[in-house]
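# I'd like to go over a predicted model; first the sequence, then the structure.
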Amino acid sequence: MQRIYVFFGMVASGKSTLARSFADRYDMPYHNTDRVRKELAGLTPTSRRPDGIDQGIYTGEFTRRTYQAMLDLARRDVQEGRPGVVLDGSYHRRQERDMVRQMAGDLGVVPLFINCICHEDEVKRRLEIRSQDPESISDGRWEIYLNQKKTFERPDELLPAELIVMNTEQKVDILLQSLETTLTENQSER
């Protein structure tokens, strides 16, 4: 059964680290909104873009283009017969998640959303480390986090079988094992 795995959550929630590790472990295509957004803008992935909220490459229109490009990449991978595809982004609006669900339904694949969360102190710590990393792709900053905190739409539309919530404050290997166990349990319940 083909699946689209969507790792989502607020900035610095650990979604990219977990999503990338999951994709690598299972040899799945991995698509990240930060990378796709910068590719659409003709930028290198590590180009710093400290644009303000809803400015530059972070306007609503550019964000819509980014999420559409993510859907196009996932559709291509599914149509090529890949058993799974990993999408990594905030997906903080219901509409963005609904678009994935609609496409998955049209293609006859199962979407699974992994909501990555962590405490605010951990977000601050991660953002500080990221700000010093010249290889970081994300432009996430504290003010972005605070804005997302106000605007993040809870995933209430997702069915229990479509949603896993993971606190990402443990080591990646432990998180991957926990996710694998949850996936196995979910499959055996079907």
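Sure thing, it's come through. Computed from a predicted model, the values in this text were never measured in an experiment.
# Only C-alpha atoms from now on, for both contacts and neighbour counts.
Will do.
# Where is the longest strand in the chain?
In terms of residue count, the longest strand belonging to the chain (DSSP state E) is strand 110-117.
# got the CA coordinates for that strand in CSV?
Coordinates of the C-alpha atoms in strand 110-117 are reproduced here as CSV (Å, rounded to 0.1, in the frame of the first residue of the first chain):
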residue,chain,number,x,y,z
VAL,A,110,-3.1,6.6,2.2
PRO,A,111,-2.1,9.9,3.8
LEU,A,112,-0.5,9.9,7.2
PHE,A,113,0.2,13.1,9.1
ILE,A,114,2.9,13.1,11.8
ASN,A,115,2.4,16.3,13.9
CYS,A,116,5.8,17.1,15.5
ILE,A,117,5.7,19.0,18.7
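# Please name the strands paired to it in the sheet, noting orientation.
Strand 110-117 sits in its sheet next to strand 3-8 (parallel), strand 163-167 (parallel), going by DSSP bridges.
# Buried deepest among these, which one?
With neighbours defined as mean count of other C-alpha atoms under 10 Å, the strands paired with strand 110-117 peak in mean count at strand 3-8, which reaches a mean of 24.
# Could you pull out the buried residues of whichever helix or strand comes after that strand?
Using DSSP states H and E, the next helix or strand after strand 3-8 towards the C-terminus is helix 15-25. In terms of neighbour count (16 or more other C-alpha atoms under 10 Å), helix 15-25 has its buried residues at 15-16, 18-23.
# CSV for those, including distance to residue 173 and pLDDT?
Converted to CSV, those look like this (distance: C-alpha to C-alpha, whole Å; pLDDT from 0 to 100):
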residue, distance to residue 173, pLDDT
15, 14, 97
16, 14, 97
18, 9, 98
19, 12, 98
20, 12, 98
21, 9, 98
22, 10, 98
23, 13, 98
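# before we move on, the earlier item: now the longest strand of the chain: average pLDDT?
Throughout strand 110-117, pLDDT has a mean value of 97.
# Of the strands paired with strand 110-117, give the one that comes closest to residue 121.
Distance to residue 121, taken as C-alpha to C-alpha, is lowest for strand 163-167 among the strands paired with strand 110-117, at 13.2 Å.
# that older thread, could the buried residues of helix 15-25 go into TSV alongside distance to residue 166?
Compiled in TSV, these are given as follows (distance: C-alpha to C-alpha, whole Å):
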residue	distance to residue 166
15	9
16	13
18	10
19	12
20	15
21	15
22	13
23	16
